[in-house]
Each structure stands twice: as C-alpha cells, then as structure tokens.
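> The sequence isn't on hand, but the structure is:
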C-alpha cells in the first residue's frame with residue numbers, strides 16, 4: 001500500500017508566492033490539488049511539525065475556505081497530530097477544488113506515521129522552502145527532494 005505526499009513546485013511569483021501541486025495517498029484513497037501559497041508557509045509548517053509531542057499536539061497548514069460565501073478557489077488542509085503517547089501520529093489531508101458538480105473534487109484521508117517520520121517530513125518542507133528543488137516526495141519511511 002503506497003502512502004505518500006508529493007509536492008511539485010511550478011515557477012510563479014517567487015520568492016514571495018509559490019504555485020504547488022499537492023498529491024497525496026494513503027493507499028486506498030488519493031487526491032491532488034493545485035494551490036497558491038506564501039513561500040514562508042513551507043518553513044512555518046516545518047517548524048510546527050517539529051513541535052509535535054514537545055511543544056504542541058498538532059501542526060496545521062490550512063489555506064482557503066470551503067464556505068461558498070468566502071469565494072475561495074480551493075480549500076487545502078494538512079494537519080499532523082499525535083495519536084498516542086508512544087509516538088504514533090497521523091497526517092490528515094483534505095483537498096477541495098471548490099468547484100460545482102460535475103467538476104467537484106474532494107479528498108479527505110489520513111496517513112499513519114511516527115514522530116521520526118514527521119521529523120523527516122519537516123526537514124523536507126524546510127529544505128523545499130528554500131526554493132532550490134522542484135519536487136518534494138515523502139513516503140512514511142523515506143523521502144527526497146529532486147529537480148525533475
């Protein structure tokens with residue numbers, strides 16, 4: 001069962017804003033969403049991930065809104081949190097393109113992980129935030145940054 005988070009960076013208004021395509025799967029379920037974000041969000045999420053278990057019970061990166069009256073093009077949420085005191089965690093992902101049917105695409109699922117796996121994800125996001133790589137690829141037990 002393939003569990004992963006992949007983030008592809010497309011050239012945009014860097015170094016201030018980034019255009020990202022986020023694809024993720026927990027095996028049975030997957031989703032993808034194109035988002036626009038502040039470049040600093042990558043490092044801030046990395047810092048929040050590193051705080052899980054010691055300073056905080058969760059790390060949250062959230063963009064947009066699902067409320068129609070807010071008129072956002074998308075809703076993106078990635079939330080990592082501690083499930084047990086023994087270091088078991090979950091990475092919860094929600095992707096919504098906010099389009100009306102039949103173009104609507106909504107995905108929500110979780111990926112199980114350990115604190116060490118979240119630390120690896122934090123390191124990848126931190127380095128990815130330096131905007132020197134085009135792709136972040138995290139699997140629960142491994143990860144890499146590439147330029148392909």
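On my side now, so go ahead. All of these numbers come straight from a predicted model, not from anything done at the bench. Numbering: from 1, shown residues only.

> Which strands or helices does the longest helix anywhere in the chain pack on?
For the chain, the helix with the greatest residue count under DSSP state H is helix 115-128. Secondary structure elements in contact with helix 115-128, counted by 3 or more CB pairs under 8 Å, 6 or more residues apart in numbering; DSSP states H and E, are strand 4-10, helix 40-50, strand 75-82, strand 88-96, strand 135-139, strand 142-146. Any C-beta I mention is one placed from the backbone N, CA and C, and that applies to glycine too.

> in that helix, what counts as buried?
Applying a neighbour-count criterion of 16 or more other CB atoms under 10 Å, one finds 115, 117-128 buried in helix 115-128.

> Test my guess that residue 141 contacts residue 117.
Yes. Under the criterion of CB atoms under 8 Å, residue 141 makes contact with residue 117 at 6.9 Å.

> can you count the residues close to residue 44?
Other residues near residue 44 come to 15 when the count uses other CB atoms under 10 Å.

> Could you tell me which residues make contact with it?
If a contact means CB atoms under 8 Å, 6 or more residues apart in numbering, then residue 44 has residue 61 as its contacts.

> Then the one 4 residues further on?
Contacts for residue 48 were tallied using CB under 8 Å, 6+ apart; they are 56, 59-61.
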